[in-house]
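[1] Sharing a model that was predicted from the sequence below.
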Amino acid sequence: MAYVATRGGEKAIEQAERLFRQDLGTIDAARVETIRSTMPYLIDRVMGEASLYDEELAALALAQTGGELSEAVLVLRAWRTTQPRLAISRPVQQHEILTQRRISAAFKDIPGGQILGPTLDYSHRVLATDVLEGKPFAPPEVDKAASPAPAQQPSLAEWQRQQGLVAPANASDVAPEDIPDLTREPLLFPASRAHRLQSLARAETGGVLALGYAAMRGYGNAHPTVNELRIGEANVVVRHPRGTEFSAGRVRVSQAEVTSKEKGGYLELGFAATFGWNEVKVIAAATLDLNSDEAPVGSAVHEEFYLYHTESVEASGFCIHFKLPHYVTFQSILDAMRDAKAKKAAAEAKGETYVAEPEEEPAL
Amino acid sequence: MFNETPSGGSAHGEMLDILARARPERLKHHAETLLTDMGEISVVANRTGLVMVPMRDTVQNVDFHLGEVLVSEAHITDPAGHTGYGMVTGRDLERAMAMAVIDLSVAARGEDAATAQFLVEEKAHQAHADAERMRQVEATRVEMETF
């Protein structure tokens, strides 16, 4: 690894940062609140990828990075390291989620029924240009049902398990403090299921979509059908010093199960979940999970491939580091080129054939 | 020690659930009205921090970490050793402290009439908000047919 320091650039660097921030203008609490309250799905995406749930901080990160998502996730991840961990909550279970959207593409009559919730799935996507002509768009009110939907919906996978459609699973017996945690230990392969699902939960949405889509189009070994897609709010259940469990608040979560085909007498299922409402991410991530077990090493659906390449901060950081000065490295390439040309010319002058030495890849 | 009921009040867990979701300004105002009669209070902690939230995978029942939530925490005591505790999602130390003050008041003196009324009102407000939202959600229920 070889870099050179850039001398004499301090002033330019300072002015470059000033130029970036000047273009964004003054950031105040009102701007942050506007972003928070008007772009909930963007906020959700940033919180999920940052693996830090706080709408206000996510909005601030978007404001001060001008909406550059990888930078926003980076500053949130960095800020997270300044905070102590106070507790680990009780694990969220599917049947406890305040469910506001729940659909299945595999079974039309699921226990609890299908609820579309807030979605544009069945709507025309038309840009409301009238707004730019001075005609605000005021959404029509929902015609509320006479009675509320049940706050909780049963687990479809559990029902399928009772029907003998899904393989039995052992009850979880891991204490919360013993759950593997990628924020405190490295990702090693083969990854534990806990590491795989945590990594997917914080993965970059676009990266997960690209690789999941590749699997869906045929570059994987299993084509997904959504067994259940669920979005809702989960309680953050913590303990009072006297031992009482209580909810410190709710967080928005998404989760998806996808299925493909029968394996060993049971439906094969893939699973993924994330902070925030982000359907594309969890469906694509569950597809990657579904494809993992029989994935050829080096393929896009092999866990080492997709987990390494969808880690937002590492991927964007590695990508943008290539614009930093690589003068020494590049100079060595030029030196090698010139040396080879000189040796070739000398050999040709003697009437000999020049055979180049095998190249070694320079360390970047 | 689990889901214990402090003397003279709602179930402790339910009370804490309500306080954590209570409307911030009302919560702070009610805590301030209690403070005048509470004497000396020691602050053990009043800080922001993170709570890691695990989730259970429905395919293999494996618990994994979904991510961390920013919370505000307040932990206070009185000279008699009673504990008041508040934890709320988000970055609002005053809100956490207000929750802890009400919790300490109930632990030390039982649930006074004003606190009982406050809890009833906030519980009703929260239940109403949830019911209204879930009535909207119910309106999106669909019966699928196969053609």
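    That came in fine, so what should we check first?

[2] Rounded mean pLDDT for the helix ranked longest in chain A, please.
    Counting residues, the longest helix in chain A under DSSP state H turns out to be helix A:327-349. What helix A:327-349 shows for mean pLDDT is 86.

[3] and what of stretch A:287-296?
    Stretch A:287-296 shows a mean pLDDT of 92 in the predicted model.

[4] returning to what we had before: give the other helices and strands that the longest helix of chain A contacts.
    Of the remaining helices and strands, none touches helix A:327-349 by 3 or more Cβ pairs under 8 Å, 6 or more residues apart in numbering or on different chains; DSSP states H and E. No exception for glycine: its C-beta is placed from N, CA and C like everyone else's.

[5] for stretch A:114-124, how far is the first residue from the last?
    End-to-end distance of stretch A:114-124: 21 Å, with Cα to Cα, to the nearest Å as the criterion.

[6] That stretch and chain B, any residue contact?
    Yes - contact between stretch A:114-124 and chain B is present through A:114, A:115, A:116, A:117, A:118, A:119 (criterion: Cβ under 8 Å from any Cβ of the partner chain).

[7] Tell me the bridge partners for the first one.
    Counting by DSSP bridges, residue A:114 is bridged to residue B:142.

[8] which one of the residues of stretch A:114-124 next to chain B is nearest residue A:294?
    Closest to residue A:294 out of the residues of stretch A:114-124 next to chain B is residue A:114 (30.7 Å), distances taken as Cβ to Cβ.

[9] right, and that closest one touches residue A:108 too?
    Yes - between residue A:114 and residue A:108 there is a contact under Cβ atoms under 8 Å: 7.3 Å.

[10] Now list whatever residues contact both of the two.
    residue B:144 (Cβ atoms under 8 Å, 6 or more residues apart in numbering or on different chains).

[11] So residue A:152: helix, strand or coil?
    When classified by DSSP: H, G, I helix; E, B strand; the rest coil, residue A:152 comes out as coil.

[12] Can you report how many residues neighbour it?
    Burial of residue A:152 is recorded as 15 neighbouring residues (other Cβ atoms under 10 Å in any protein chain shown).

[13] Just list the residues touching it, thanks.
    Counting by Cβ under 8 Å, 6+ apart, residue A:152 makes contact with A:95, A:96, A:97, A:98, A:99.

[14] filter the residues you listed down to the ones near chain B?
    Among the contacts of residue A:152, the residues lying close to chain B (Cβ under 8 Å from any Cβ) are residue A:98.

[15] Give me the buried subset of the contacts of residue A:152.
    Listed as buried from those are A:96, A:97, A:98, A:99; burial here means 16 or more other Cβ atoms under 10 Å in any protein chain shown.

[16] From residue A:62, how far off is the second one?
    Counting by Cβ to Cβ, to the nearest Å, the gap between residue A:97 and residue A:62 amounts to 26 Å.

[17] Just after the host helix or strand of residue B:96, pick out the following helix or strand.
    In this assignment (DSSP states H and E), residue B:96 forms part of helix B:93-109. The first helix or strand that comes after helix B:93-109 along the chain, using DSSP H and E, is helix B:113-138.

[18] Remind me what that following helix packs against, helices and strands.
    Helix B:113-138 packs on strand A:98-103, helix B:12-21, helix B:24-35, helix B:93-109, going by 3+ Cβ pairs under 8 Å, 6+ apart.

[19] will you turn those into CSV that also has mean pLDDT?
    Formatted as CSV, the helices and strands packed on helix B:113-138 follow (pLDDT from 0 to 100):
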stretch, mean pLDDT
strand A:98-103, 96
helix B:12-21, 97
helix B:24-35, 97
helix B:93-109, 97
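
[20] Would you tell me which of those gets closest to residue A:47?
    With Cβ to Cβ, the closest approach to residue A:47 among the helices and strands packed on helix B:113-138 belongs to strand A:98-103: 17.3 Å.

[21] Could I have the CA atoms of the closest one written out in PDB?
    Provided in PDB are the C-alpha atoms of strand A:98-103 (Å, rounded to 0.1, in the frame of the first residue of the first chain):
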ATOM      1  CA  LEU A  98     -48.700  -4.200  15.400                       C
ATOM      2  CA  THR A  99     -49.400  -5.300  11.800                       C
ATOM      3  CA  GLN A 100     -50.500  -2.700   9.300                       C
ATOM      4  CA  ARG A 101     -49.800  -4.600   6.100                       C
ATOM      5  CA  ARG A 102     -49.700  -8.400   5.500                       C
ATOM      6  CA  ILE A 103     -50.000 -10.200   2.300                       C
END
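
[22] So residue B:133 versus residue A:149, what's the distance?
    Taking Cβ to Cβ, one finds residue B:133 at 9 Å from residue A:149.

[23] The two: who's more crowded?
    Neighbour count, other Cβ under 10 Å: between residue B:133 and residue A:149, residue A:149 has more, with 25 against 18.

[24] and residue 35, what does it touch?
    Because you didn't say which chain, this covers chain A. A:42, A:43, A:59, A:62, A:63.

[25] Switch to chain B, please.
    B:41, B:101.

[26] what about residue B:131, how many neighbours?
    The number of residues packed near residue B:131 is 16, by other Cβ under 10 Å.

[27] next one: residue A:70
    Neighbouring residues of residue A:70 were enumerated by other Cβ under 10 Å; the total is 17.

[28] what's the spacing between the helix or strand it falls within and its chain's center?
    Assigned by DSSP H and E, residue A:70 belongs to helix A:69-80. Centroid separation for helix A:69-80 versus its chain: 13 Å, with Cα atoms, centre = their mean, to the nearest Å.

[29] from memory residue B:26 sits against residue B:118, does it?
    Yes - contact status for residue B:26 versus residue B:118: in contact at 7.3 Å, counting by Cβ under 8 Å.
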